[in-house]
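Colleague: Give me coordinates for this.
(chains A and B)
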Number of protein chains: 2
Amino acid sequence: MIKLVLFDLDNTLYPTSKQVKKCRESAIKAMIKRGLPGSEKELEIKLNCIIKKLGSNNEKHLNTLVKQTKIEKNKHNAIISAGVTAYHITKQRIMKTYPDTKKTLDELKKRKITIGILTQGVTIKQWDKINRLGLYKYFNENVWVVSDEQSKKEAIKEILKKYPIKKEEIIIVGDRLDTDIKTANETGLISVQILQGPYADKKEDNIKPDHTIKKLKEITGILNKKTLNKKQ
Amino acid sequence: MIKLVLFDLDNTLYPTSKQVKKCRESAIKAMIKRGLPGSEKELEIKLNCIIKKLGSNNEKHLNTLVKQTKIEKNKHNAIISAGVTAYHITKQRIMKTYPDTKKTLDELKKRKITIGILTQGVTIKQWDKINRLGLYKYFNENVWVVSDEQSKKEAIKEILKKYPIKKEEIIIVGDRLDTDIKTANETGLISVQILQGPYADKKEDNIKPDHTIKKLKEITGILNKKTLNKKQ
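Modeller: Down below sits the predicted model:
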């Protein structure tokens, strides 16, 4: 029987990539309005290249975009800041979980299943998302924000110490084969891939989830299965 | 005749200190709700001491506050982040100029007087305030964000180069004797102290403004005066 379900956060509990895309679009529109040359489409492509190069947690995406143009230097701050402000205002306005997230979490709690979040990223940023999404009340202290794969495994060790629970009683739900599912498989937990967001179609050699779902609410169906042993 | 009015931003165009106080109160309330021990009043005093010690632009105020308590370390991030999120949500909700700010700026523009912002602080933060307050359209490129007194003087030199204008045709309006008024006096511009915010009652030996006003809209009265020479 499953006693603990550990959820990934981004693109699992809320549509991160879709919402971040909207924030970036707002940023680009605001920057164009303030004098940044180029079309929305063109600047979006440029920005995506910069993000790929610098990594998604770098703070200098918009600076780099503006520096690549021929805009005079004394106008840079006005333009960059227009993008930053628009990004954050949009974020506050649109940040929401998937429609079935909270209902599903309620249902699991009703079934007395312990739930947790195991997410990789910048600690304060991941926590800010949890707060803004109104998810804290579902998870309380069962949140583990880690910076890399190794610390994800250490968090799992910590969880196994914290709860009198066996590996086969724990499910990890996440959208990414190369992180969530890999860690679950390597640590002997049951892995469920949710086919949402930009990683839904990506394949990885040798990394297969034990189960797949298309929407979070389908997790209850998995819990209803009689046998839930790992395939591998 | 006055041709250019340079406004300070914080506590001159909007009630910075009052709004920041509200944001901090929201942060403290959210942190208490998440388990931070202490009363609102007590934590506010502690936080103010920390801010005084670390400086207002330090990013670690709430971290330091939480570290001073006996809360177990694994709860720190949940509590700190609750404060950070509440702070920013409140900021977005309440950030507004003084009731007479925009009307006054409109009036100056109608009189064909050039207006600018000369403010000291962290560039991206000051620009974010200008954007959120909807002030950009009044000032466009006439914004100078400087980091210290020396660069304030350099900005004034730059302004004098940019505009075919004499020193006695420029007014600096600000709330602080030790920064705004001091710089204006030392560079030979006309100084107007606005008696708003926490610096309204502070005295400084040897720093006297040429004029004082209680509300921004009174600046038009100053402009109507026939002689506007510096007193000193």
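
Colleague: Can you list the residue ranges for helices in chain A?
Modeller: Taking DSSP state H as the criterion, chain A carries its helices at A:16-33, A:40-54, A:61-67, A:76-94, A:101-110, A:123-132, A:136-139, A:149-162, A:182-187, A:219-224.

Colleague: right, and the ones you listed - which one's nearest B:Asn58?
Modeller: Each of the helices of chain A has some distance to B:Asn58 by C-beta to C-beta; the shortest is helix A:123-132, at 14.7 Å. C-beta here means a position set from N, CA and C on the backbone, and glycine is covered the same way.

Colleague: buried stuff in the closest one?
Modeller: Neighbour-count burial for helix A:123-132 flags A:123-124, A:126-132 (criterion: 16 or more other C-beta atoms under 10 Å in any protein chain shown).

Colleague: can you list contacts of that helix?
Modeller: Helix A:123-132 has contacts (C-beta atoms under 8 Å, 6 or more residues apart in numbering or on different chains) with A:9-10, A:14, A:16, A:57, A:91-92, A:95, A:117, A:119, A:136, A:139, A:143, A:145, A:147, B:77-78, B:80-82, B:84-86, B:89.

Colleague: one more time with 7 Å
Modeller: The contact list for helix A:123-132 (C-beta atoms under 7 Å, 6 or more residues apart in numbering or on different chains) reads A:9, A:95, A:117, A:119, A:136, A:143, A:145, B:77-78, B:81-82, B:84-85.

Colleague: What average pLDDT does it get?
Modeller: Helix A:123-132 shows a mean pLDDT of 96.

Colleague: That one vs helix A:16-33, what angle?
Modeller: 100 degrees (axes from the mean of the first three to the mean of the last three C-alpha atoms, to 10 degrees).

Colleague: got the CA coordinates for the lengthiest strand in chain A in PDB?
Modeller: Assignment by DSSP state E gives strand A:114-120 as the longest strand of chain A. Written as PDB, here are the backbone C-alpha positions of strand A:114-120 (Å, rounded to 0.1, in the frame of the first residue of the first chain):
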ATOM      1  CA  THR A 114       1.100  11.600   3.400                       C
ATOM      2  CA  ILE A 115       2.100  14.000   0.600                       C
ATOM      3  CA  GLY A 116       5.300  15.900   0.000                       C
ATOM      4  CA  ILE A 117       7.100  18.000  -2.500                       C
ATOM      5  CA  LEU A 118      10.600  17.100  -3.700                       C
ATOM      6  CA  THR A 119      11.800  19.800  -6.100                       C
ATOM      7  CA  GLN A 120      15.100  20.900  -7.600                       C
END
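
Colleague: Pairing partners for it, with directions?
Modeller: Strand pairing for strand A:114-120, using DSSP bridges, gives strand A:4-7 (parallel), strand A:143-146 (parallel).

Colleague: what's in contact with the last one?
Modeller: Outside of strand A:143-146, the residues within contact range by C-beta under 7 Å, 6+ apart are A:116-121, A:123, A:126-127, A:130, A:152, A:155, B:78.

Colleague: how about 10 Å then?
Modeller: The contact list for strand A:143-146 (C-beta atoms under 10 Å, 6 or more residues apart in numbering or on different chains) reads A:6-7, A:9, A:116-127, A:129-130, A:135-136, A:151-156, A:158-159, A:183, B:74, B:77-78, B:81.

Colleague: Mind listing what's buried along stretch A:14-34?
Modeller: Neighbour-count burial for stretch A:14-34, counted by 16+ other C-beta under 10 Å, picks out A:14-16, A:19-20, A:22-32, A:34.

Colleague: ugh, typo on my part, it should be stretch A:44-52
Modeller: Applying a neighbour-count criterion of 16+ other C-beta under 10 Å, one finds A:44, A:46-47, A:50-51 buried in stretch A:44-52.

Colleague: Can you pull the domain assignment for chain A?
Modeller: Per automatic domain parsing, the structural domains of chain A span A:4-15+A:97-224, A:17-94.

Colleague: who wins for proximity to B:Glu168 among those?
Modeller: domain A:17-94 (26.1 Å).

Colleague: any idea of the mean pLDDT for stretch A:186-197?
Modeller: Computed over stretch A:186-197, the average pLDDT equals 96.

Colleague: starting at the chain centroid, how far to it?
Modeller: For stretch A:186-197, the distance from its own C-alpha centre to the chain's C-alpha centre is 14 Å (C-alpha atoms, centre = their mean, to the nearest Å).

Colleague: Which residues are in contact with the closest residue to A:Pro198 other than its chain neighbours?
Modeller: With C-beta to C-beta, 6 or more residues apart in numbering or on different chains as the criterion, A:Pro198 has its nearest non-adjacent residue at 5.0 Å, and that residue is A:Ser17. A:Ser17 makes contact with A:10-11, A:56, A:175, A:196-199, according to C-beta under 10 Å, 6+ apart.
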